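[1] From the sequence below, what's the structure:
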Amino acid sequence: MYPTLYDMFADLFGLKIPFLRVVQSFGFFVAISFLLAHYTMSLELKRKEKEGILTGKKIKTIIGKPYAQTEYILSGFLGFLLGFKLLPILFFSSEMSDPRSFLLSFQGNWILGIIATAAVVYYKYYEDKKQRKNPPVEQTIVEHPYQIMGNMTVIAAVAGLLGAKIFHNLENWDQFMADPVGSLLSFSGLTFFGGLICGGAAVIWYANKKGVKPLHMLDIGGPAMMLAYASGRIGCHIAGDGDWGIVNTAPMPAWLSWLPKWFWAYNYPNNVNGECNPYTYGTPEYFANANCNFAETPHLVADVFPTPLYEIIICGIFFFVLWSLRKKIKTPGVLFGIYMILAGFERFWIEKIRVNTILHFLGMKVTQAEIISVFLMLGGVALIVFAIAKHKKKLQQSVPASTP
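    Okay, the predicted model is just below:
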């Protein structure tokens with residue numbers, strides 16, 4: 001396993017690039033997931049505008065006016081962060097014992113921070129002088145739907161990561177109460193459904209504000225979220241972040257014998273969590289292996305189901321299903337309803353062989369993901385029924401009444 005890109009490049013290519021020690025493999029693939037979602041959603045926004053389903057929004061803007069002071073302040077602040085934190089990591093990370101802890105600390109290089117601030121502010125001033133007009137000119141321009149994707153991606157990233165962190169801490173409340181600050185600032189501990197709910201809600205709000213109706217935005221986001229989830233699970237598998245399955249002692253089925261053994265059972269060596277005990281908390285096996293030492297045994301002491309790998313494959317297939325259906329389904333909201341059913345179905349059943357926190361709900365032992373998966377599938381069915389009824393009503397209202 002490769003906790004960071006440094007580990008990956010060193011092992012696969014023999015390249016030891018110091019600053020890559022700060023780039024977590026999981027975080028890297030999360031970033032790739034956002035880029036993939038951005039790209040696929042942009043394609044759909046352009047297609048829907050080309051087909052006349054969506055239209056651009058006319059806005060008035062003033063061309064050539066001086067930049068606001070807030071733009072200079074923001075640019076200077078970002079420049080300072082670049083010099084104070086990122087440049088030291090880029091050039092001096094080989095001298096740091098823990099670059100990731102440095103990133104979240106108050107330590108930094110003040111000289112580089114001041115130099116970077118001055119350089120960024122000067123460049124902003126140069127841009128400002130170059131674009132000014134005397135006098136400034138008011139123009140009406142068309143803001144196309146795909147042009148809001150940049151802001152939408154940032155909103156989805158911030159809201160999604162916050163939601164994923166909040167849901168994870170709610171699910172692991174005892175760990176959170178034991179170390180609230182550490183739990184909030186740690187680089188691990190994210191729950192997909194928390195990110196989906198909070199990130200999705202923020203995107204719908206912003207898109208509606210920009211003139212893209214919620215049902216259309218949901219349909220645009222469905223395939224993209226399925227693809228992003230599959231991509232994110234690549235990071236989970238490569239880093240070994242704890243999203244693996246239960247212990248698997250069953251022999252590999254004959255019909256899977258053509259696949260490598262790690263496809264059926266894997267021990268996640270050098271996993272990012274530093275975990276060697278794969279058993280569920282509270283079981284006799286867990287306590288029997290509670291004192292295993294990762295330094296001595298840098299892998300799980302028993303093989304488990306590599307569930308992230310299964311989700312990569314299943315959600316990749318589901319993405320192509322949704323992508324092939326997007327032009328055929330004409331009723332807004334139905335495609336996202338199908339996404340909800342597929343996403344809930346996949347996650348509900350993968351939970352059966354996946355390690356997770358067990359909750360007591362209505363007298364049953366379930367996981368948070370199982371509960372949300374059931375509501376997700378039921379919500380998908382309800383959304384499809386609602387979308388079809390709304391579409392039929394709209395068609396009926398658009399038909400002119402016959403004259404006697």
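
[2] which residues in the stretch 301-404 of the chain form strands?
    With DSSP state E, counting those that start in this stretch applied, the stretch 301-404 of the chain shows strands at 358-361, 364-367, listed in chain order.

[3] what do you get for the stretch 101-250 of the chain?
    137-143.

[4] before we move on, the earlier item: is it possible to export the strands of the stretch 301-404 of the chain to CSV including mean pLDDT, mean neighbour count and distance to residue 345?
    C-betas here are computed from N, CA, C, even on glycine. Below are the strands of the stretch 301-404 of the chain laid out as CSV (pLDDT from 0 to 100; neighbours: other C-beta atoms under 10 Å; distance: least, C-beta to C-beta, whole Å):
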stretch, mean pLDDT, mean neighbour count, distance to residue 345
strand 358-361, 70, 12, 19
strand 364-367, 79, 14, 15
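
[5] quick one: low-confidence parts of the stretch 151-300 of the chain?
    Within the stretch 151-300 of the chain, the ranges that satisfy pLDDT under 70 run 167-169, 171-193.

[6] If you could redo that for the stretch 1-150 of the chain, that was the one I meant.
    Residues of the stretch 1-150 of the chain that meet the cut-off, pLDDT under 70, sit at 89-90, 92-105.

[7] the domain parsing of this structure - what is it?
    With domains defined by automatic domain parsing, the chain comprises 5-61+142-245+305-395, 66-132.

[8] now do the same end-to-end measure for the last one.
    If I follow you right, that is domain 66-132. End-to-end distance of domain 66-132: 6 Å, with C-alpha to C-alpha, to the nearest Å as the criterion.

[9] again, but for the longest one
    Between the opening and closing residues of domain 5-61+142-245+305-395 there is a gap of 53 Å (C-alpha to C-alpha).

[10] Save the strands of the stretch 301-404 of the chain as CSV, and put in distance to residue 297 too.
    Output for the strands of the stretch 301-404 of the chain, formatted as CSV (distance: least, C-beta to C-beta, whole Å):
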stretch, distance to residue 297
strand 358-361, 26
strand 364-367, 27
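
[11] what's the closest of these to residue 316?
    strand 364-367 (23.3 Å; C-beta to C-beta).

[12] For the closest one, C-alpha coordinates in CSV please.
    C-alpha atoms of strand 364-367 as CSV (Å, rounded to 0.1, in the frame of the first residue of the first chain):
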residue,chain,number,x,y,z
MET,A,364,-31.6,-4.1,14.9
LYS,A,365,-27.8,-4.0,14.6
VAL,A,366,-27.0,-2.0,11.5
THR,A,367,-24.5,0.5,10.2
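
[13] quick revisit: quick one: which of the strands of the stretch 301-404 of the chain is nearest residue 223?
    Closest approach to residue 223 among the strands of the stretch 301-404 of the chain (C-beta to C-beta): strand 364-367, 26.0 Å.

[14] Not counting its own residues, what contacts the closest one?
    Applying C-beta atoms under 8 Å, 6 or more residues apart in numbering, the contact partners of strand 364-367 are 351, 356, 357, 358, 359.

[15] May I have the strands that pair with that strand, each with its orientation?
    Its sheet considered, strand 364-367 pairs with strand 358-361 (antiparallel) by DSSP bridges.

[16] From the chain's centroid, how far away is the strand it pairs with?
    Centroid separation for strand 358-361 versus its chain: 26 Å, with C-alpha atoms, centre = their mean, to the nearest Å.

[17] Could you do stretch 251-270 as well?
    Taking the mean of its C-alpha atoms, stretch 251-270 sits 28 Å from the chain's own mean (C-alpha atoms, centre = their mean).

[18] again, but for stretch 385-395
    Per C-alpha atoms, centre = their mean, the centroid offset for stretch 385-395 relative to its chain is 32 Å.

[19] repeat for stretch 204-217
    Chain-centre distance of stretch 204-217: 20 Å, with C-alpha atoms, centre = their mean.

[20] same deal with stretch 371-388?
    22 Å.

[21] Which positions within it qualify as buried?
    Residues of stretch 371-388 classed as buried: 371, 372, 373, 376, 377, 379, 380, 383, 384, 387 (neighbour count, 16 or more other C-beta atoms under 10 Å).

[22] Surely the fifth one and residue 347 touch.
    No. Under the criterion of C-beta atoms under 8 Å, residue 377 makes no contact with residue 347, lying 9.6 Å away.

[23] how about the residue lying closest to residue 388 once chain neighbours are set aside, what does it touch?
    In this structure, residue 388 finds its nearest non-sequential neighbour in residue 331, 5.7 Å apart by C-beta to C-beta, 6 or more residues apart in numbering. For residue 331, the contact set (C-beta under 8 Å, 6+ apart) comprises 387, 388, 391.

[24] Do a quick rundown of the helices in the stretch 301-404 of the chain.
    Shown for the stretch 301-404 of the chain, the helices assigned by DSSP state H, counting those that start in this stretch span residues 307-325, 334-350, 368-398.
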